[in-house]
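Engineer: no sequence for this one, just the structure:
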């Protein structure tokens, strides 16, 4: 029992990669020298925050209150905190989710920020959680996803630099671009890793995922869930501390640790600090899904979904 408490306390001893960790801890986890050539594979790069329906003032807080009334019940206990995070499915699809942490349960809610109603939810009793993994999101060494993303990003840069930008300068009266960047530079096609941290919560008792579940894209009973920060975390200003916490997976991880510590007398839970493996080897569908933010409720031109 003492060992389990020591494992849980490791959350405080190691730095967390998202949010605002101390500089010395952050440098150990992600050396700055590695960042220029290892760009993040994130679907919201360059997107406008106002495109997200969840960006509207007070919308997330009202969604939380609605979920408290419609999703939670007495068996879930008291609400400890709520976050708007990105959930990464077993098939590497990123989805916008409300995460409610109570004294007895971890609740994930798919909330429609357009029609303003919860669509579906999943509850996991805290007593079932046996493993928590905290670390950087990574792909297997033989995965081609980082290479495909690097190729797609390089081609996009070429199209923007050689076609889109000149047309904008000519027709829209935009000032000429004075940047000395080379759109054909090899680095533009360099493989993109995620460079993001997350947390994986597991309740499979150490057992491997069954073959049928592992290769069934329609399977919903996966005994773990993976979270990372919501895109809006990078759009929240430094002065908006409360807003940043709302989208920050690190803040959720700390609260989850505290909730597990209160439950440690009734069950055992292992906390591990290592890379979180996303078993995506060739998944073109997930790459397209994530690149276009299809798992988020957004304004998309004349359409919204």
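Structural biologist: Looks like it came in fine. Just so it is clear, the model here is predicted, and its values are computed rather than measured. Numbering: from 1, shown residues only.
Engineer: Look up the closest residue to residue 100, ignoring the ones flanking it.
Structural biologist: residue 107 (4.2 Å; CB to CB, 6 or more residues apart in numbering). (Glycine included, C-beta is placed from N, CA and C.)
Engineer: Compute the distance between that neighbour and residue 284, please.
Structural biologist: In this structure, residue 107 and residue 284 are 32 Å apart, going by CB to CB, to the nearest Å.
Engineer: More neighbours: the two, which one.
Structural biologist: Neighbours per residue, other CB atoms under 10 Å: of residue 107 and residue 284, the larger number sits with residue 107, 22 against 11.
Engineer: before we move on, the earlier item: could you double-check that the residue nearest to residue 100 lies in contact with residue 71?
Structural biologist: Yes. With contact defined as CB atoms under 8 Å, residue 107 reaches residue 71; the gap is 6.3 Å.
Engineer: so what's in contact with the two at the same time?
Structural biologist: The contact sets of residue 107 and residue 71 overlap at 100, 121 (CB atoms under 8 Å, 6 or more residues apart in numbering).
Engineer: And the helices in the chain?
Structural biologist: Along the chain, counting by DSSP state H, helices occupy 2-13, 23-29, 59-70, 145-159, 165-171, 211-214, 241-247, 249-263, 284-291.
Engineer: Neighbours of residue 277, how many?
Structural biologist: Each residue near residue 277 was counted by other CB under 10 Å, and the total is 15.
Engineer: Show the pLDDT at it.
Structural biologist: The score at residue 277 is 90. That number is its pLDDT.
Engineer: got the contact list for it?
Structural biologist: With the criterion set at CB under 8 Å, 6+ apart, residue 277 makes contact with 138, 139, 140.
Engineer: Scan these and report the most crowded one.
Structural biologist: Within those, residue 139 tops the neighbour count with 23 neighbours, counted by other CB under 10 Å.
Engineer: Next, give phi and psi for that residue.
Structural biologist: phi -100, psi 160 (degrees, to the nearest 10).
Engineer: does it really touch residue 145, like I thought?
Structural biologist: Yes. Contact status for residue 139 versus residue 145: in contact at 5.5 Å, counting by CB under 8 Å.
Engineer: anything in contact with each of those two?
Structural biologist: residue 280.
Engineer: what about the chain, any weak spots by pLDDT?
Structural biologist: 1-47, 146-147, 149-195, 236-240, 264-267, 301-305 (pLDDT under 70).
Engineer: quick one: terminal-to-terminal distance for stretch 63-83?
Structural biologist: 11 Å (CA to CA, to the nearest Å).
Engineer: Could you measure from the nearest residue to residue 251 once chain neighbours are set aside over to residue 272?
Structural biologist: The shortest distance from residue 251 to any non-neighbouring residue, by CB to CB, 6+ apart, is to residue 245 (4.3 Å). From residue 245 over to residue 272 the distance is 24 Å, taken as CB to CB.
Engineer: again, but for residue 132
Structural biologist: For residue 132, the distance to residue 272 - CB to CB - is 7 Å.
Engineer: neighbour count winner among these two?
Structural biologist: residue 132 (22 against 14).
Engineer: If you tally nearby residues, what's the number for the residue nearest to the more buried one when sequence neighbours are not counted?
Structural biologist: Residue nearest to residue 132 in three dimensions, not counting chain neighbours: residue 271, with 4.8 Å by CB to CB, 6+ apart. By the criterion of other CB under 10 Å, residue 271 has 20 neighbours.
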